[in-house]
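*Asks:* Quick one: sequence and predicted model below, then my questions.
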Amino acid sequence: MTLNTIYLICAIAGGTILVLRIILTVIGLDHGADAVDTVDVGSDAMDGHAVSGMNLLSLQSLAGFFTMFGLVGLGLLQAQLAPIWSLLGALVAGGITAWATAFIFFQMGRLQSEGNMVISDAIGQVGTVYLTIPEKGSGVVTVTVKDTLRNLDAVSENGQRIPTGAIVRVVSITAGKILVVTEQSADHS
């Protein structure tokens, strides 16, 4: 088997996997495809929590490697370079492609967040009354919890009316997950 044939097989196989993966993603049939991604490079385990690193041996990275390996190898052979230089160029191009793909997917994975809010994280935060808090009853307070602005139900700690726009501090949480707030005076900001 010639080097030209090897490059052609790699380019076709890698390209086919990439195209199929894209088609499956577009039509929504790629569920569970990440199960193939099993080897993490740079995995770190601290305090029992695994922090996933870049996955160089994922399906996307390997398909990208073989596609670019084949295409660049074929291109360099067509440019009349010596077979050793075409092989070296193909390996470098494939390696860069695999690394870039792993890096992109790693960065995309970092964009995900849990979306769960622990309401006790609001204690001590300063917010603004969105809907007036009456003497007896609840209003709504806008407060930042875990870098996310939230509108949460609130009652006054002292049973006093707190008007819309007033600055408040969350002092506790009731059993019903309602914030207990106290109005901040202008000199205590």
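*Replies:* Structure received.

*Asks:* By residue count, which helix of this protein is the longest?
*Replies:* Determined from DSSP state H, the single longest helix within the chain is helix 83-110.

*Asks:* Now do the buried residues in that helix.
*Replies:* 86-87, 89-90, 93-94, 97-99, 101-102, 105-106 (16 or more other C-beta atoms under 10 Å). (Each C-beta comes from the backbone N, C-alpha and C, glycine too.)

*Asks:* Just name the lowest-scoring one in those residues, pLDDT-wise.
*Replies:* In this model, the minimum pLDDT among the buried residues of helix 83-110 belongs to F105 (81).

*Asks:* and that residue, what is it in contact with?
*Replies:* Residues in contact with F105, defined by C-beta atoms under 8 Å, 6 or more residues apart in numbering, are 54-55, 58, 60-61.

*Asks:* Give me the most central residue, this protein.
*Replies:* Central residue check for the chain by C-alpha atoms, centre = their mean: the C-alpha nearest the mean position is that of L111, 2.3 Å away.

*Asks:* could you pull out the strands for the protein?
*Replies:* Taking DSSP state E, the strands of the chain run over residues 44-46, 49-51, 126-131, 139-145, 148-156, 167-173, 179-183.

*Asks:* Of those strands, which is nearest T16?
*Replies:* T16 lies closest, by C-beta to C-beta, to one member of these: strand 49-51, at 32.6 Å.

*Asks:* Any regions of this protein where pLDDT drops low?
*Replies:* Residues of the chain meeting the criterion pLDDT under 70: 30-54, 113-115, 186-189.

*Asks:* Pop out the phi and psi values for the residue nearest to the centre of the chain.
*Replies:* L111 adopts backbone torsions of phi -80, psi -20, taken as degrees, to the nearest 10.

*Asks:* any idea how far G64 is from it?
*Replies:* According to C-beta to C-beta, to the nearest Å, L111 stands 20 Å off from G64.

*Asks:* got it, and L8?
*Replies:* L8 sits at a distance of 17 Å from G64 (criterion: C-beta to C-beta).

*Asks:* still on that earlier bit, distance between the longest helix of the chain and the chain's centre?
*Replies:* Helix 83-110 sits 21 Å away from the centroid of its parent chain (C-alpha atoms, centre = their mean, to the nearest Å).

*Asks:* again with stretch 163-178
*Replies:* Taking mean C-alpha positions (C-alpha atoms, centre = their mean), stretch 163-178 and its chain are 31 Å apart.

*Asks:* That one: end-to-end distance?
*Replies:* 18 Å (C-alpha to C-alpha, to the nearest Å).
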